[in-house]
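Q: A predicted structure for the sequence below; I have some questions about it.
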Amino acid sequence: MRNDRAFVLVKPDGVQRGLIGTVVSRFESRGLKIVAMRMLRLDREIVERYYAEHVEKDFFEDLVGFITSGPVIAMIVQGPDVVSVVRRMVGTTDSKEASPGTIRGDFGISKQMNIIHASDSPESAEREISILFSDDEIQDFERIDGPWTA
């Protein structure tokens with residue numbers, strides 16, 4: 001079975017609203033594995049690496065202010081075709097347009113305060129994972145309820 005990985009970040013609004021467990025539960029209930037997780041505060045240097053494609057954009061300073069405003073939960077979610085599965089579970093960026101049943105549709109407040117970030121491609125996932133996790137922080141285990149299949 002493939003063990004694709006996605007990077008997921010519960011943003012400061014999700015942490016401050018007490019939604020960490022709800023987010024983790026959604027992924028685990030879907031049969032996906034959380035193979036790494038940590039709480040931290042992002043600093044500007046990490047944000048500039050993490051959001052490198054947005055550094056020159058008008059909204060970047062607001063993004064830095066928001067994402068560094070409180071602790072975040074960074075995690076690696078693993079499973080078959082996990083990036084596309086997680087993206088469907090998360091919903092569209094603008095919470096007002098996200099479908100009910102998605103994380104953003106159920107809990108997001110706005111385009112910025114949408115509680116979660118998820119990798120948009122396997123390549124992005126690997127880049128984002130490498131910024132916040134070392135290989136020795138990633139756990140390998142089998143779920144006792146059996147492997148999840150698409």
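A: Perfect, I can see it now.
Q: show me the strands in this structure, by range?
A: With DSSP state E as the criterion, the chain has strands at 4-10, 33-40, 72-79, 116-118.
Q: including mean neighbour count, mean pLDDT and distance to Ile138, could the ones you listed go into TSV?
A: (C-beta placed from N, C-alpha, C; glycine too.) Output for the strands of the chain, formatted as TSV (neighbours: other C-beta atoms under 10 Å; pLDDT from 0 to 100; distance: least, C-beta to C-beta, whole Å):
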stretch	mean neighbour count	mean pLDDT	distance to Ile138
strand 4-10	24	97	8
strand 33-40	16	97	5
strand 72-79	24	97	6
strand 116-118	23	96	17
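Q: out of these, flag the one nearest Leu63.
A: Smallest distance to Leu63 across the strands of the chain (C-beta to C-beta): 10.8 Å, for strand 116-118.
Q: strand partners of that closest one, parallel vs antiparallel please.
A: Its sheet considered, strand 116-118 pairs with strand 4-10 (antiparallel) by DSSP bridges.
Q: roughly how far is the partner strand from the heart of the chain?
A: Relative to its chain's centre, strand 4-10 lies at 5 Å (C-alpha atoms, centre = their mean, to the nearest Å).
Q: just give the nearest non-adjacent residue to Val90, would you?
A: Nearest residue to Val90 in three dimensions, chain neighbours excluded: Ala118, at 4.7 Å (C-beta to C-beta, 6 or more residues apart in numbering).
Q: quick one: that neighbour from Gly91, how far?
A: 10 Å (C-beta to C-beta, to the nearest Å).
Q: follow-up on the earlier one: which stretch among the strands of the chain comes nearest Asp62?
A: Closest to Asp62 of the strands of the chain, according to C-beta to C-beta: strand 116-118, at 15.2 Å.
Q: alright, I will stop here.
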